[in-house]
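**Student:** I would like to see how this sequence folds:
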Amino acid sequence: MQHSVTLAWKPLQDAALSGNLTLLESLLKGGNPDAVDELGRTALNFMCSLRKLKEIDLEVLQLLVQYGADVNRADKDDDSPLMVLFNSEYNESKDTAIRIEALKILLKNGADVKCVNHEGLTIFKKIILCDPTNPDTAVALELLLKNGADPNIKVDESGNTALNLICSQSKLTKVHLKMVRIFLQYKADVNTPDEEGNSPMMNLFCKESTDMGVRIEALRILLKNGADVTRVNHEGLTIFKKIIRCDPVKLDTAEALELILENGADPNMMVDELGNTALNFICNLPKLTRVHLKMIQILLKYKADVNIKDKCNFSPIMSLFLAAKDYELRLEVFKLLLENGADLTLVDQGGNTILHIIFYSNASKNPCIVETVELLLKGGVDVNIENKSGQSAFHVAVKDLKHPKVIELLSKKM
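**Tutor:** Got it, this is the predicted structure:
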């Protein structure tokens, strides 16, 4: 829309800003309520964009619309009065309750709840980012939905729905949980993905966080409302990989994994583009924690297959000691995998057995190497199988490892 700038805007905005209702009304009686400044702002748009709103400003807004101010007239950024009413820059103003009343005035007078500005942003995104600690923020969202806003509209240039945007916030609050419940009440789709193919549930676990308890609660809500636990994004990643990578020191992360499995997720599905199952991905991690051990126990409880190989032909037990340093913890995992039927006859693409792999993987620094080898020998591993280079595990132990006790153990099986 073309914005014809006249000198009429200045006294109108000054009167509105002063809160002098008598002066404002006298100007409105004989003038244009939609006179615009150089930024394309009407007096209504200008007032709604103030950093701090006061009670008297509500009367100003009422008077402006009473005299025919267009509640949908956008400024040069394509922002209507409704769109500029909420902004994260206003958080310090602590005037959300007044902004809610202003929102009611605009909605009552026909404000368009579906408007999108030049940047592809909607009022939903502006409110969600506004004040995540104030319950009134959730009230504002519900007002929009009550007045016909589409709960599944794309709210920004990244293709997020409101639900996806909320779940992708770096810090989740109880107010965000309230927002999620409100959107689901108004039939928001829990599985609509963003441009990267991530659903709201997947975006819950995109980064490490200090609010895992709130995220678990959000996960429960989404699962209860039909979140798809089998979804794969455009990179080939699943919710499993996102949870495993999210926070390796909080037990809540393991709880999230179990919730996914309780709701029908396949413990043996490929979780990434490398062909890893969740079990293989955990065993491949460069650093393991007690939480990872708990995750493995949970996966085994839900019948995860300990012998599925990734695209490099590594099973979980074969991946376990690659470039490892936390040997004691890995030994616990090792025993767990053996107890659950890990196949010791498997070989990788180079024909290497589990013994070859362990000996090649910095085994001289492994304080658990003797116990590990004893367990493998007890499990029936063949020390004489040669890899594609013609080397047996015994040969590698003598040539590279040079550990007397290990060589002694292996020689008894020759």
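
**Student:** in stretch 371-388, what counts as buried?
**Tutor:** Neighbour counts over stretch 371-388 (16 or more other C-beta atoms under 10 Å) mark Thr372, Val373, Leu375, Leu376, Leu377, Val381, Val383, Ile385, Asn387 as buried. In short, each C-beta sits where N, CA and C put it, glycine included.

**Student:** residues near Glu92, how many?
**Tutor:** 9 (other C-beta atoms under 10 Å).

**Student:** go on, Ser168?
**Tutor:** So Ser168, with other C-beta under 10 Å, has 18 neighbours.

**Student:** What of Leu259?
**Tutor:** 17.

**Student:** surely it meets Ile216?
**Tutor:** Yes. With contacts counted by C-beta atoms under 8 Å, Leu259 reaches Ile216, the gap being 7.3 Å.

**Student:** Which members of the buried residues of stretch 371-388 occur in helices, if any?
**Tutor:** By the criterion of DSSP state H, membership of the buried residues of stretch 371-388 in helices covers Thr372, Val373, Leu375, Leu376, Leu377.

**Student:** With pLDDT added, can I get the buried residues of stretch 371-388 in JSON lines?
**Tutor:** Formatted as JSON lines, those follow (pLDDT from 0 to 100):
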{"residue": "Thr372", "pLDDT": "95"}
{"residue": "Val373", "pLDDT": "96"}
{"residue": "Leu375", "pLDDT": "97"}
{"residue": "Leu376", "pLDDT": "96"}
{"residue": "Leu377", "pLDDT": "96"}
{"residue": "Val381", "pLDDT": "95"}
{"residue": "Val383", "pLDDT": "94"}
{"residue": "Ile385", "pLDDT": "95"}
{"residue": "Asn387", "pLDDT": "96"}
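
**Student:** Show me the domain layout of this protein.
**Tutor:** Annotated domains of the chain cover 1-79+91-111, 113-228, 229-324, 344-414 [automatic domain parsing].

**Student:** Output those domains in JSON lines; the columns should cover distance to Glu332.
**Tutor:** Conversion of these to JSON lines gives the following (distance: least, C-beta to C-beta, whole Å):
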{"stretch": "domain 1-79+91-111", "distance to Glu332": "47"}
{"stretch": "domain 113-228", "distance to Glu332": "23"}
{"stretch": "domain 229-324", "distance to Glu332": "6"}
{"stretch": "domain 344-414", "distance to Glu332": "10"}
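
**Student:** now for those, which one comes closest to Leu336?
**Tutor:** Counting by C-beta to C-beta, Leu336 lies closest to domain 229-324 out of the domains of the chain; the figure is 6.2 Å.

**Student:** how far does that closest one sit from the chain's center?
**Tutor:** 17 Å (C-alpha atoms, centre = their mean, to the nearest Å).
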